[in-house]
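> I'll drop the sequence and a predicted model, then ask my questions.
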There are 2 protein chains.
Amino acid sequence: MPETAAPRGERRADRNSATRYGNRPTMKDVAARAGVGLKTVSRVVNGEPGVTADTERRVQEAIEALGFRRNDSARVLRKGRTASIGLVLEDLADPFYGPLSRAVEEVARAHGALLINGSSAEDPDREQELVLALCARRVDGLVVIPAGDDHRYLEPELRAGVATVFVDRPAGQIDADVVLSDNFGGARDGVAHLIAHGHRRIGFIGDMPRIHTAAERLRGYHTAMTDAGIPVTNSWTSLGVTDPQRVRRAAEEMLSGPEPVTAIFAGNNRVTVTVVRVLAERSRPVALVGFDDFELADLLQPGVTVVAQDAAQLGRTAAERLFSQLDGTLVTPERTELPTRLITRGSGELAPAK
Amino acid sequence: MPETAAPRGERRADRNSATRYGNRPTMKDVAARAGVGLKTVSRVVNGEPGVTADTERRVQEAIEALGFRRNDSARVLRKGRTASIGLVLEDLADPFYGPLSRAVEEVARAHGALLINGSSAEDPDREQELVLALCARRVDGLVVIPAGDDHRYLEPELRAGVATVFVDRPAGQIDADVVLSDNFGGARDGVAHLIAHGHRRIGFIGDMPRIHTAAERLRGYHTAMTDAGIPVTNSWTSLGVTDPQRVRRAAEEMLSGPEPVTAIFAGNNRVTVTVVRVLAERSRPVALVGFDDFELADLLQPGVTVVAQDAAQLGRTAAERLFSQLDGTLVTPERTELPTRLITRGSGELAPAK
DNA sequence: TAGAGCCTGGACAACGTTGTCAGATCCGAG
DNA sequence: CTCGGATCTGACAACGTTGTCCAGGCTCTA
């Protein structure tokens, strides 16, 4: 039907202009060139049956010649599903989130979906901004590592059917699926490990307790101490922003008071590393167990004993639950808790110094 | 205009059904509820002028009540720009790419764009698949860390106006913008550093030379050796897949031959770490310089001397060039090369063992 | 008070695709 | 030779938004 193509042809007077910047060929163009109907092109592009080999060949040639690529935006609009999921995390540059993100991506890929991700930089407003932007893009689902503690802004989205899984920390004020590490148990076991090696004065340096993981780990510390009948002195714990300067000061204080600690439990990755630096500068050996594993921990002198959580497994589990929601397999929000693993490498097995 | 809303109202017999799973309210719904025209809602949502305060309030209330969120897919279709860019890299879990990705994200954010990313897993087919999927989504631009060496498949996309910047390695067979580290200069300087400390038998363990960065670093090694008048023996270089087993074997071989090397230049991150492990098992000190910095390199005994490249800067530069292309500021593809930095920490300053 | 000009709001088409449905074509069997 | 049915093809509407354009009401001035 050349008639169908005519108005289009008029608008784009010169055939070459179809390949000009920002003016991509559409199925209509392909159809005109191949001398077939619009829908036939759609059929070929989507591999639908009911097209003769000859017609298909003509269409393919036209696609090739014009450099046509289907516009998925239009497709999405029509079909309602975007085949993409969103991941909001704290900071992609953090070595903990890289593997997690990659794991989510792999699961998404297995389901034919792309991953859009964003870093909240631990800022609740930015988290909300990102999440809502992703919803506006109509991602099919969301994996969120929350920065804020109030997620009621998600309610309309949840009602509208956006599948959502929270990871690493639970959602605030709403009932949602969540995948966590056993922060409490891990910390408790780590501290108990130090106690088992003879320590009684054990320091704890962690994040602000308003962060769920930090609070849970602190609780684990207290539980282990209480279980062993050890009263905890206030000066042994330091909770707050975990920038190197503060952690350094905190470590130095608890190591030099009248009742210096003989062991330190570090509440996260960054803390552990800073503590390692502080300890490296001192002659008296101090035991150390850190939450979160990190690369090369085994190569340090001594190797650093850690409570490891499996970031990739966390991401994988979350993504799988997400797609279960999308399949309709899963309906009720659940709380999944993954175990942690104590990896002994030396630093946690040092005996208390006199 | 209740008349306008009527047909819609009929289709969704029950008002509640508008908030049912997968059936989101549209601007039409909002307009009906607020008793205004469709375009007025659009104006309010986009903050366009020409709406009285009272009308705006009514619309805002309807939006609130219905939990409306603009469908960006439709918007994209209409406007032609998606305000999103794609990033294709090798592996998000690799600590080198985390900061790079984050830097790209920050620049994108500053330009109001979201980042979609994908891991090619160093597989050219998967790279192409990802890139084309992103093009189908009509991302405004692409940042690609290429896995393959033939990117002619991108030609139709480039003609269609998809801004593209290659990072870390140049594009193959097409003329495109590219941002690189000075792999050649960095490796040359690193090896020269070893030579300056008295080494003559220096090993090189690197990736397959079909990877551009690997080839350049190898060239740097050869140049440094030649400049110093040192003939290179074949058994001193190992090129291939950089899995731990192979690297370990390679290192052990060059350390135990009749003419054992007294220093090793490691072609990348992973190689460096493996070599550190091998050297830690041996008593005789061997000097080591690695390409790429890594966390805790300073805490090892001895600290590891490295040729550092700034991954974040690489990402930032690439993203900025991308947006310059989109602004129209930039038209001619260019090759940008960022300097590397030698960081001395001890392992590269060891004198050759007898 | 009439006319000009501004401001607000809405009807309509278009973006590029897919689902529906009906028309056209071809084959073989009666 | 004709008819039924299977197969292939295309016209059309719809997805939810934004750009264009025009209508109607208002204010201001002469």
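In hand now; what should we look at?
> where exactly do the strands run in the stretch 251-354 of chain A?
Assigned by DSSP state E, counting those that start in this stretch, the stretch 251-354 of chain A shows strands spanning A:263-266, A:287-291, A:305-308, A:335-338, A:341-343.
> Quick check: residues of chain A near DNA strand D?
Within chain A, the positions near DNA strand D by Cβ under 7 Å from any atom of the strand are A:1, A:4, A:35-40, A:43, A:49-52, A:54-55, A:74, A:77-78. (Each C-beta comes from the backbone N, C-alpha and C, glycine too.)
> For ChimeraX, what selects the buried ones among these?
Written as a ChimeraX command, the selection of buried residues from these, which uses 16 or more other Cβ atoms under 10 Å in any protein chain shown, is:
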select /A:36,38,40,43,51,55,74,77
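> Among the residues of chain A next to DNA strand D, which ones are in helices?
With helices defined by DSSP state H, the entries of the residues of chain A next to DNA strand D inside them are A:Thr4, A:Leu38, A:Lys39, A:Thr40, A:Arg43, A:Asp54, A:Thr55, A:Ala74, A:Leu77, A:Arg78.
> tell me which of the residues you listed is nearest to B:Glu216?
The shortest distance between B:Glu216 and any of those, using Cβ to Cβ, involves A:Ala74 and amounts to 42.5 Å.
> ok so, going back, DNA strand C next: which of the residues of chain A next to DNA strand D are close?
Contacts with DNA strand C are made by A:Leu38, A:Lys39, A:Ala74, A:Leu77, A:Arg78 out of these, judged by Cβ under 7 Å from any atom of the strand.
> Widest-spaced pair of those?
Between all members of these, the farthest pair (by Cβ to Cβ) comes out as A:Lys39 and A:Leu77, at 17.1 Å.
> near chain B, from the ones in helices among the residues of chain A next to DNA strand D?
When contact is defined as Cβ under 8 Å from any Cβ of the partner chain, those meet chain B at A:Ala74, A:Leu77.
> which among the ones in helices among the residues of chain A next to DNA strand D gets closest to B:Gln173?
Each of those was checked against B:Gln173 using Cβ to Cβ; the closest is A:Ala74, at 30.6 Å.
> picking that back up, for A:Gly112, find the nearest of the strands of the stretch 251-354 of chain A.
Taking Cβ to Cβ as the measure, the strands of the stretch 251-354 of chain A were each checked against A:Gly112, and strand A:335-338 came out nearest at 24.1 Å.
> and that closest one, what other elements does it pack with?
Here strand A:335-338 touches strand A:177-181, helix A:311-327, going by 3 or more Cβ pairs under 8 Å, 6 or more residues apart in numbering or on different chains; DSSP states H and E.
> Any chance you could list what contacts the shortest one?
Put plainly, it is strand A:177-181. Residues outside strand A:177-181 that contact it (Cβ atoms under 8 Å, 6 or more residues apart in numbering or on different chains) are A:164-171, A:213, A:309-310, A:314, A:317-318, A:321-322, A:325, A:330, A:333-340.
> now the longest one
Counting by Cβ under 8 Å, 6+ apart, the neighbours of helix A:311-327 from elsewhere in the structure are A:85, A:96-104, A:106-108, A:111, A:140-143, A:163-168, A:177, A:179, A:181, A:330-331, A:334, A:336, A:338, B:93.
> buried subset of the residues you listed?
Buried subset of these (neighbour count, 16+ other Cβ under 10 Å): A:85, A:96-104, A:106-108, A:111, A:140-143, A:163-168, A:177, A:179, A:181, A:330, B:93.
> any idea where the helices of chain A begin and end?
Remark: helices of chain A, listed N- to C-terminal, are A:2-11, A:27-34, A:38-45, A:53-66, A:72-79, A:97-110, A:124-136, A:155-159, A:183-196, A:212-227, A:244-256, A:269-280, A:311-327; assignment by DSSP H.
> picking that back up, deepest-packed of the helices and strands packed on strand A:335-338, please.
Each of those was given a mean neighbour count from mean count of other Cβ atoms under 10 Å in any protein chain shown, and the largest, a mean of 24, is that of strand A:177-181.
> mean confidence score for that strand?
Taken as a whole, strand A:177-181 carries a mean pLDDT of 97.
> Any chance of the backbone angles for whatever residue of the stretch 251-354 of chain A ends up closest to chain B?
Residue of the stretch 251-354 of chain A nearest chain B, by Cβ to the nearest Cβ: A:Leu296 (5.1 Å). Per-residue torsions, A:Leu296: phi 70, psi 0 (degrees, to the nearest 10).
> ok, the residue nearest to it when sequence neighbours are not counted - how many residues close by?
When the adjacent residues along the chain are set aside, A:Leu296 lies closest to B:Leu296, with 5.1 Å between them (Cβ to Cβ, 6 or more residues apart in numbering or on different chains). Using other Cβ atoms under 10 Å in any protein chain shown as the criterion, B:Leu296 is surrounded by 18 other residues.
> Go ahead and confirm B:Leu296 touches A:Leu300.
Yes: B:Leu296 is in contact with A:Leu300 according to Cβ atoms under 8 Å; the separation is 7.1 Å.
> Mutual contacts of those two, please.
Looking at what touches both B:Leu296 and A:Leu300 (by Cβ under 8 Å, 6+ apart), the common residues are A:Val276.
> ok so, going back, I'd like the ones next to DNA strand C among the residues of chain A next to DNA strand D laid out as JSON lines, including pLDDT.
JSON lines is the format used below for those (pLDDT from 0 to 100):
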{"residue": "A:Leu38", "pLDDT": "93"}
{"residue": "A:Lys39", "pLDDT": "93"}
{"residue": "A:Ala74", "pLDDT": "94"}
{"residue": "A:Leu77", "pLDDT": "92"}
{"residue": "A:Arg78", "pLDDT": "92"}
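> want to throw the strands of the stretch 251-354 of chain A into TSV with distance to DNA strand C and mean pLDDT?
Compiled in TSV, the strands of the stretch 251-354 of chain A are given as follows (distance: least, Cβ to the nearest atom of the strand, whole Å; pLDDT from 0 to 100):
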stretch	distance to DNA strand C	mean pLDDT
strand A:263-266	52	98
strand A:287-291	48	98
strand A:305-308	45	98
strand A:335-338	34	97
strand A:341-343	46	98
